[in-house]
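>>> curious how this folds, go ahead:
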Amino acid sequence: MENNKAKKVRVTIVQPLFDSWEFETRLKKCERLVSIALKNKADFICLPELFPGRILKHSEMLWNLDTPIFFGHSWPPQKENDKWKNSYSLKLPKQENIVRQDKLVLSESEKAEYDSGDEIRVFEINTVKIGVIICHSLPFGPELITFFVKKHFDLVIVPALAPAYHISYWKHFLVVRAMDLGIPLIFVNYAGNKEDDGVIFGGGNSSIILPMPIDCNNLTQFIKNKDVDPKMNFLLCLGNTEEVITADIPLDQKNYYRERKNINRSLMSSMKKYCYEMIDHEDK
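Here you go, the predicted model:
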């Protein structure tokens, strides 16, 4: 990984097909896809929410990787009467312990099985500070934004098991959050359209979203940009098939929260208003 002064980080996104909750099936798929990911020599690998579904220790191959990997899993109860946690963790090479982020905001369907987390972790890989917002937590909690800005994160990972019918909503909301936080977002979802208990999961569209339009390198360009279109903030956006892809994410776009005195608030408001209008349009 290049250091912060080099202003970029190389990331591999693994977007699996959501086709089964059966653990052994998912673990084998995870091993296969991660084997492909390793060929791209990224600084770290990102898996989606609850994938493969248990601690990577169940696979010697996955646990002993030479590349840092973020993975989704359930965390068992630690005390009597506790529930499971929906967790996302970082496994670093040659370290037995993992750094774990528990899902902070649960959907109604999750509350019967899971407890919510109570703090936000700071993940660090070679001086790059990374935050995690798990799926349903993304649309909620303005305090999350304040905390992330104060901690000066370099990027945020959003692992998800997003319902397919909400994909358009997600794409626009991710742009809003990238602008709110002023840093790149990595959205990691499942592909496919699998129905489970009446909800259709999958839909793919794993993405990398930048806080400013892709053709802007600095705040001055951003302020002068008159084209308000969320699509311009996407560094990449996958389709709805099983994919493994690597990208270099720039970390040198200005964080507008850190440049509040110079930001054109009218332009920022118009971009966010446009995104919300697109969300409303897609929902109708």
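>>> would you list every one of the helices in this structure?
With DSSP state H applied, the chain shows helices at 23-38, 60-63, 142-150, 167-181, 219-224, 265-283, listed in chain order.
>>> worst average pLDDT in those helices?
Set side by side, the helices of the chain differ in mean pLDDT, and helix 265-283 is lowest with a mean of 59.
>>> beta partners of the residue lying closest to residue 174 once chain neighbours are set aside?
Computed as CB to CB, 6 or more residues apart in numbering, the closest residue to residue 174 that is not its neighbour in sequence is residue 209, at 4.9 Å. Any C-beta I mention is one placed from the backbone N, CA and C, and that applies to glycine too. With DSSP bridges as the criterion, residue 209 is bridged to residue 185, residue 234.
>>> tell me, how many residues neighbour residue 209?
Residues within reach of residue 209, counting by other CB atoms under 10 Å, total 26.
>>> you'd agree it is up against residue 183?
No. Applying CB atoms under 8 Å, one finds residue 209 not in contact with residue 183, separated by 9.9 Å.
>>> hey, which helix or strand in this structure has the poorest pLDDT?
Taking mean pLDDT, DSSP states H and E as the measure, the helices and strands of the chain show their lowest mean at helix 265-283, namely a mean of 59.
>>> give me the nearest residue to residue 123, chain neighbours excluded.
With sequence-adjacent residues excluded and distances taken as CB to CB, 6+ apart, residue 123 is closest to residue 130, at 4.2 Å.
>>> and the pLDDT at the spatially most central residue of the chain?
When CA atoms, centre = their mean is applied to the chain, the residue found nearest the centroid is residue 158 (2.0 Å). Residue 158 is assigned 96 on the pLDDT scale.
>>> grab the nearest non-local neighbour of it.
Setting aside the residues directly before and after it, residue 158 is nearest to residue 187 in space (CB to CB, 6+ apart), at 4.8 Å.
>>> quick one: contacts for the one you found?
Under the criterion of CB atoms under 8 Å, 6 or more residues apart in numbering, the neighbours of residue 187 are 158, 160, 170, 174, 205-209.
>>> do residue 70 as well
44-47, 88-90, 123, 132, 157, 159.
>>> inside strands: which ones of these?
Here DSSP state E is the test, and the contacts of residue 70 give 44-46, 88-90, 123, 132, 157, 159 as lying in strands.
>>> just the closest of those residues to residue 229, please.
Proximity of the ones in strands among the contacts of residue 70 to residue 229 was ranked by CB to CB; the top entry is residue 157 with 24.5 Å.
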